[in-house]
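Visitor: quick one, structure for this:
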Amino acid sequence: MISPFKGLKDKTTELEIGGQKIKVKPKVADAELFLTMKQEMNEETAKIPSRVMTAMIKRANPEEDPEDIQDFIVAHYGELMMKIAPLFGFKVDTATIEKQLKKKE
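Guide: Residues are numbered from 1 along each chain as shown. Take a look at the predicted model:
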């Protein structure tokens, strides 16, 4: 029997964002941070989605310039949020994400 865990530490996931395929590498710590997001965000919790997105993209693309990654995230923030949530088994509530994005603005 082949182990369901074999090789997962090296696996990346592809997402289509802005018509381009990018690689991300989610970890348990990302899911834990994602869980801490609340309906009412304060300055600290508003930074959590950005930290999760940055870490997942950097981990899968270590050769890329961190500043370029940040600029990509800025350009595709909402779409990234909606595509990353299902990686952790969360249902995407578009209205909640849009509400949180408006608060962040």
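Visitor: ok, now which ones touch the residue nearest in space to the middle of the chain?
Guide: When C-alpha atoms, centre = their mean is applied to the chain, the residue found nearest the centroid is Met53 (3.5 Å). Each residue near Met53 by C-beta atoms under 8 Å, 6 or more residues apart in numbering is listed here: 73, 77, 80-81, 84. The C-beta positions use only the backbone N, C-alpha and C, and glycine is treated the same way.
Visitor: from Ser3, how far off is it?
Guide: According to C-beta to C-beta, to the nearest Å, Met53 stands 30 Å off from Ser3.
Visitor: and if you look at Glu14?
Guide: 23 Å.
Visitor: out of the helices and strands in this structure, which is least certain?
Guide: helix 94-104 (a mean of 61; mean pLDDT, DSSP states H and E).
Visitor: for Val24, see how far away the residue nearest to the centre of the chain is.
Guide: Note on Met53: its distance to Val24, by C-beta to C-beta, is 8 Å.
Visitor: ok, now Lys58?
Guide: 10 Å.
Visitor: compare those two (neighbour count), which wins?
Guide: Between Lys58 and Val24, counted using other C-beta atoms under 10 Å, the more crowded position is Val24 (23 against 15).
Visitor: can you read off the pLDDT for the residue nearest to that one when sequence neighbours are not counted?
Guide: Closest residue to Val24 apart from its sequence neighbours, by C-beta to C-beta, 6 or more residues apart in numbering: Met56 at 4.2 Å. At Met56, the model reports a pLDDT of 95.
Visitor: repeat for the one 5 residues further on
Guide: What the model reports as pLDDT for Asn61 is 97.
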